[in-house]
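S.K.: can't give you the sequence, but here's the structure:
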């Protein structure tokens, strides 16, 4: 395999389109759309076990099977399909789950024996990540963003033969939702592209009723239903109640982040905001809530993965609407079920660069990072040792769309500086990243002279990224550079389909 | 064989164990070995040189300790060993 | 004019190397209750090398040593005298302990050729100490008194309460003694870290009685304590006038000057500078 350099100087396979800049391809190309696969109305056939389902669908070697990840670490559907694949000794399959969690460990032996040879996903961690980074996947791991996956599906680039759509509640017409039934998970935003464009669509449910109360999945697209005793474990589906961090360093970072956003004048009427579900993100949301309440500000919307905290802000009148691509906890699920301004958005409406996505309307997004470098490139795909620890998810999409993109991270973790000269893997390009907030200083991307000017008189500890790196190195010492020597095992795709970086087998295997 | 240790295996700390030996033998196990293994060894060598220690076995189990921590834990371990010998 | 003092266990690298980012006015490196008896030596060494490597500006550095009834007292003192710290915090202080410490320090400081003599903040945490608190506060090395509410309640054989009635008299006596000699009156820490509302109530009450600062056991308490203990508008205005008058006097080449009819000498100028440093941003 030959490699060429993309516009960020990263080596990528020469048979794929190299990254050329965050805007370049999107501005030059028109949206590509294949025909939606519509089945029509009427009752859908119901299977009651995987074996007859596989027969009816005629699942063969080499097919592409897709899944959504709304059941997160409580998912049982993907594993049931894997068990059937194992029984039938199918080979050379491409799997396209929108995310992979530790619960999906049964995928590992099927990777090792060549049943599964290619994987398209937006996020992977746990045993499957370990197996892939150790080089067991015979084909490639292709990592998309939450907005890039629908683009790939709707353009025909990622052709799905069968979409197994886990559906908490379903009726005989194939209409479905995620708010009823024992395995409720809330919105089903990531399932929509698969529902529309896959060749065959199966709703897999444990709650089949005469009529569902809410139609989030339209039965006209559905071929058949698979009705089984359980599609997942509620304890794994909901993250419990996600709470803001108590770690004093994270709290300091959160406080400075909220103050920065406030000083830049973004917290005003009509504020449009997104942040993650992690402890620091929620602490930022908490501080912003405080400011909004004090100044009596009503925001237009909060978006992304929705947590109980954002729900409380909505219910207290601080955000008019919630745009929800996935629910992280029970409060979010309940709110989606009852609040009329808590709205579902499909993955495409969320982040597809060709679909005028919600991310483009964002004022501020607050994101994490495993690494960031002097060019402000951010890594959320691997750690500093090259291990796969996640993936973009909506990171690259929101960073592109938001007027202000803030990255929060500790300056150092166990002697390793989070600021690098060059990140191990680029997930999100620096041209879309504006500010870094750490506990010892804040760096502003030199591209944003407007922000630097606005903060001229700020008491916040603002400095150049190079200086912040110097501070880190002063603590840790200058590390010996770590080299990536392993063979190519995958690629990181930017939301426009171009390759922004490559993934390599880890050392010592 | 008397030995002594100091420190912990908590994040940002290191556990250093020392015992008498025929020469200076340094073994380093670190979560950041590739990046800082050489540096850690240098710190140990410097302290031993300063204290004129040429015969000792040193085991460093490191969880990302900065240089000052490595220095301090080594010195504490050496003093504890002196108390036992 | 410090408002917050943050306790940092001296044997924890993670806490030491992050101590400076929380904005506390003073750090109390703890050799005493936070350190296991078998790790007292490790704590001394760790703090020594931490301070050797990192210079902490703009903060008062205090070490809480083990009291004289312990086998660690003398070793603690010998080490502290050689460290770039400002103050020793002495647990369970009786007046005679203070005198003994002063004598010992005098000797050790001379031997070590320290540039600045160490100050002392006695911890008032025994019933008997309340009867000596005025003499303790009057001592020249003493820059402030810390009330040790938890240990005091134990000495009184009562439970600590949120309202703090059981330690009210002690709080007031510490305040009166401190004020009499213009020393800092430092309130006991609020131990429920998750109760922000409780902290606010407790700190405001302490301030209303006359406490000038409060000890913290968790960085999350610092901002609240700064809000409550920062100088008042009046204090800030006065400080500004003192410094303005000083500048004027310097320009005119005058050695002495007064503000509001009161002659201003060096300690008052220093205090004015400190007040303005502690103004809420």
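M.R.: That came through fine. For clarity, every value in this text was computed on a predicted model and none was experimentally measured.
S.K.: what's the burial count for residue A:160?
M.R.: 23 (other Cβ atoms under 10 Å in any protein chain shown). (Glycine included, C-beta is placed from N, CA and C.)
S.K.: May I have the secondary structure class of it?
M.R.: Following DSSP: H, G, I helix; E, B strand; the rest coil, residue A:160 is assigned to coil.
S.K.: Nearest residue to it in space, please, no chain neighbours.
M.R.: residue A:198 (3.9 Å; Cβ to Cβ, 6 or more residues apart in numbering or on different chains).
S.K.: Looking at the stretch 151-281 of chain C, what residue ends up closest to chain B?
M.R.: residue C:219 (16.3 Å; Cβ to the nearest Cβ).
S.K.: Quick check: residues of the stretch 101-250 of chain C near chain A?
M.R.: C:194, C:218, C:219, C:220, C:223 (Cβ under 8 Å from any Cβ of the partner chain).
S.K.: As CSV, the residues you listed with secondary structure would be great.
M.R.: CSV is the format used below for those (three-state DSSP):
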residue, secondary structure
C:194, coil
C:218, coil
C:219, helix
C:220, helix
C:223, helix
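S.K.: From the centroid of chain A, which residue is nearest?
M.R.: By Cα atoms, centre = their mean, chain A has its centre lying nearest to residue A:393, at 1.7 Å.
S.K.: rewinding a little: give me the distance between the residue nearest to residue A:160 and chain C.
M.R.: 49 Å (Cβ to the nearest Cβ, to the nearest Å).
S.K.: now do residue A:227
M.R.: For residue A:227, the distance to chain C - Cβ to the nearest Cβ - is 46 Å.
S.K.: quick one: that residue and residue A:202 touch, right?
M.R.: No: if you go by Cβ atoms under 8 Å, residue A:227 and residue A:202 don't touch, sitting 10.6 Å apart.
S.K.: give me every residue that touches the residue lying closest to residue A:235 once chain neighbours are set aside.
M.R.: Nearest residue to residue A:235, sequence neighbours excluded (Cβ to Cβ, 6+ apart): residue A:74, at 6.2 Å. Residues near residue A:74 by Cβ atoms under 8 Å, 6 or more residues apart in numbering or on different chains: A:103, A:183, A:232, A:233, A:234, A:235, A:236, A:237, A:238.
S.K.: circling back to that earlier point, neighbour-wise, which one of the residues of the stretch 101-250 of chain C next to chain A leads?
M.R.: residue C:219 (23 neighbours).
S.K.: quick one: contacts for it?
M.R.: Shown in contact with residue C:219 (Cβ under 8 Å, 6+ apart): A:248, A:251, A:252, C:6, C:22, C:24.
S.K.: right, and the last one touches residue C:18 too?
M.R.: Just to be clear, that refers to residue C:24. No: applying Cβ under 8 Å as the test, residue C:24 and residue C:18 come out as separate, 11.4 Å apart.
S.K.: Look at these two and report which has more neighbours.
M.R.: Higher neighbour count among residue C:24 and residue C:18: residue C:24, with 25 against 21, using other Cβ under 10 Å.
S.K.: helix or strand for the more buried one, which one?
M.R.: Using DSSP states H and E, residue C:24 sits within no helix or strand.
S.K.: Now do the buried residues in stretch A:496-509.
M.R.: Residues of stretch A:496-509 classed as buried: A:496, A:497, A:498, A:499, A:500, A:501, A:502, A:503, A:504, A:505, A:506 (neighbour count, 16 or more other Cβ atoms under 10 Å in any protein chain shown).
S.K.: repeat for stretch A:233-247
M.R.: In stretch A:233-247, the ones that count as buried by 16+ other Cβ under 10 Å are A:233, A:234, A:236, A:237, A:238, A:239, A:242, A:244, A:245, A:247.
S.K.: What's the separation between the fifth one and residue A:333?
M.R.: When you say that, I think you mean residue A:238. Going from residue A:238 to residue A:333 by Cβ to Cβ, to the nearest Å gives 7 Å.
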